[in-house]
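>>> structure for this input, please:
(one chain, ligands or ions: 1)
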Amino acid sequence: MNFRILASRFFELTSAFEKLNKKSEKYNTEKLSFDCVNDPYLEDGTYFQDIIVTGMIPVIGDFKLIGVLEYLDDNTNIVKCIPGENMPEEYRDNDFFCDHCKTSRYRKEVVVVQNNLTKEYVQLGKNCLKDYLGISLEGLVNKFSWLQDAIDNCSNPDFCSGGRITYSCNNRLYLATCLKIVNSIGFVSKGKADNDSCMSTSFITSEVVFGTSIKSVNNLINEHSLRDITDGDYSFVDEALDWIANVDDKGNDYLYNLKMISRQDEVMSKHFGFLASLIPAYQRYLSSEAEKKVRAENQKDSEYVGEVKKRMSFDVKCVFIKLVDTMYGTSTVLKFIDKDGNNLVWFGSGAITDYDLNEEYTIKGTVKKHETYNGIKQTQINRVKNESLATA
Ligand SMILES: [Zn+2]
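Okay, here's the model as predicted:
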């Protein structure tokens, strides 16, 4: 049996099925389960998903269950029809009549079955099912009735179940939407949003996925086409999921938790903020990898220069400046690269401010030693003087 549900109620339906299966255990019938037929799709601003329910065959001997009519106090009926079957419209305002015992009295529910051979519809009170059909149908009817209620709750965006609704979302859909938002307007963490009284990325993502009545979010949706998720968006998300699934999380609880949350097909609303952080985390990883690659390419041909203890001039570019606190006080690590790609490093005492990153200089220094650092040959120099500064 096929149904359509709200993508956001997927998790709720899963727990509804668990409860339903416990209830129907006493009828000793097959367990109900459902599978998704497709990925979530957008319709009128809401994400839906098609599911197929297995574990219930509505055929009993020569008869087929068509549905259940539930009577309301004002003599009207609610129709619960097996998907794909057709409940004749006259049953919408039928009385409480039972075709078996030929009596009309108050009944909470009546069952409509169809004879497979004659195609005739028969309406039966629940107590007469066994007498008429020869087998007990109560388990099947109850199971169907409960199933229909569970599906109704999870398929209509305007329905609210009695209890608190647990929202969930297909994690690829959530992440792809999140990616579009981050790429259009940047990432805003929950903490920053609270501080600056603005909307966090995960908040906007939920509004975009589940539908929103906030005008500024609707403007963002239109301006940046936030709901037009492309195959490219999904493949970036799959890469990010692959990265987190294989990341080394030793000693890092954040990465461990993110890994556990990301591997769920459905993520619950309380973890949305966590899940959203996968996008900037993966983007940071990508840019640090790119930087490493550039650095490795710049440095791979580095050779030693000069002679130890000799003082000489170098034409270099400054590629690294970092202030470090040591037990002897502040010092500055500066790295230079000459025209041939050779690396020089200087551990200068104090805060050295004569150099700017990526600027070229002529410097004079004494070669202290030749060494390898991270597998790359570098020349350590000291007593460095900025000659460019002197002539300027
Ligand atoms: Zn009857």
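
>>> C-alpha from now on. contacts and neighbour counts both.
Noted.

>>> residues of this protein that sit close to the ion?
98, 100-101, 125, 128 (CA under 5 Å from the ion).

>>> list the buried residues of stretch 370-381.
Within stretch 370-381, the residues that count as buried by 16 or more other CA atoms under 10 Å are 370, 376-381.

>>> which of those residues sit farthest apart?
376 and 381 (15.8 Å; CA to CA).

>>> still on that earlier bit, kindly indicate which of the residues of the chain next to the ion lies nearest residue 178.
residue 125 (52.1 Å).

>>> residue 359 contacts residue 315, doesn't it?
No - assessed by CA atoms under 8 Å, residue 359 is found out of contact with residue 315, at 11.0 Å.

>>> neighbour count: those two, which is higher?
Neighbours per residue (other CA atoms under 10 Å) separate residue 359 from residue 315, with residue 315 holding more: 15 against 11.

>>> neighbouring contacts of stretch 333-347?
298-305, 314-324, 331-332, 348, 377-382, 384 (CA atoms under 8 Å, 6 or more residues apart in numbering).

>>> which of these are buried, as a ChimeraX select command?
Per 16+ other CA under 10 Å, the buried members of the contacts of stretch 333-347 correspond to this ChimeraX selection:
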select :299,302,303,304,305,314,316,317,318,319,321,323,331,332,348,377,378,379,380,381,382,384
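
>>> which of the contacts of stretch 333-347 fall in strands?
314-324, 331-332, 348, 377-382, 384 (DSSP state E).

>>> domain parsing of the chain, as residue ranges.
Per automatic domain parsing, the structural domains of the chain span 2-56+150-166, 62-134, 170-284, 311-391.

>>> could these go into a markdown table alongside mean pLDDT?
Supplementary listing: the domains of the chain in a markdown table, determined by pLDDT from 0 to 100:
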| stretch | mean pLDDT |
| --- | --- |
| domain 2-56+150-166 | 82 |
| domain 62-134 | 84 |
| domain 170-284 | 90 |
| domain 311-391 | 88 |
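
>>> who wins for proximity to residue 290 among those domains?
domain 170-284 (9.9 Å).

>>> in this protein, which residue is closest to the centre?
residue 171 (2.6 Å; CA atoms, centre = their mean).

>>> which residues touch that residue?
262, 264-267.

>>> ok, and the closest non-adjacent residue to the residue of the chain found nearest the ion?
Of all residues in the chain, the one sitting closest to the ion is residue 101 (3.9 Å; CA to the ion). In space, and not counting its chain neighbours, residue 101 is closest to residue 128: 7.3 Å by CA to CA, 6 or more residues apart in numbering.

>>> and if you look at residue 271?
Spatial nearest neighbour of residue 271, excluding adjacent residues (CA to CA, 6+ apart): residue 261 at 7.4 Å.

>>> show me what counts as buried in stretch 258-272.
Residues of stretch 258-272 classed as buried by neighbour count (16+ other CA under 10 Å): 258-259, 261-262, 266-269, 272.

>>> and for stretch 183-197?
The neighbour-count check on stretch 183-197 (16+ other CA under 10 Å) flags 187-190 as buried.

>>> tell me the contacts of the closest residue to residue 72 other than its chain neighbours?
Of all residues beyond its chain neighbours, the one nearest residue 72 is residue 78 (7.3 Å), with distances taken as CA to CA, 6+ apart. Residue 78 makes contacts with 69-72, 92, as judged by CA under 8 Å, 6+ apart.

>>> cool, thanks, talk later.
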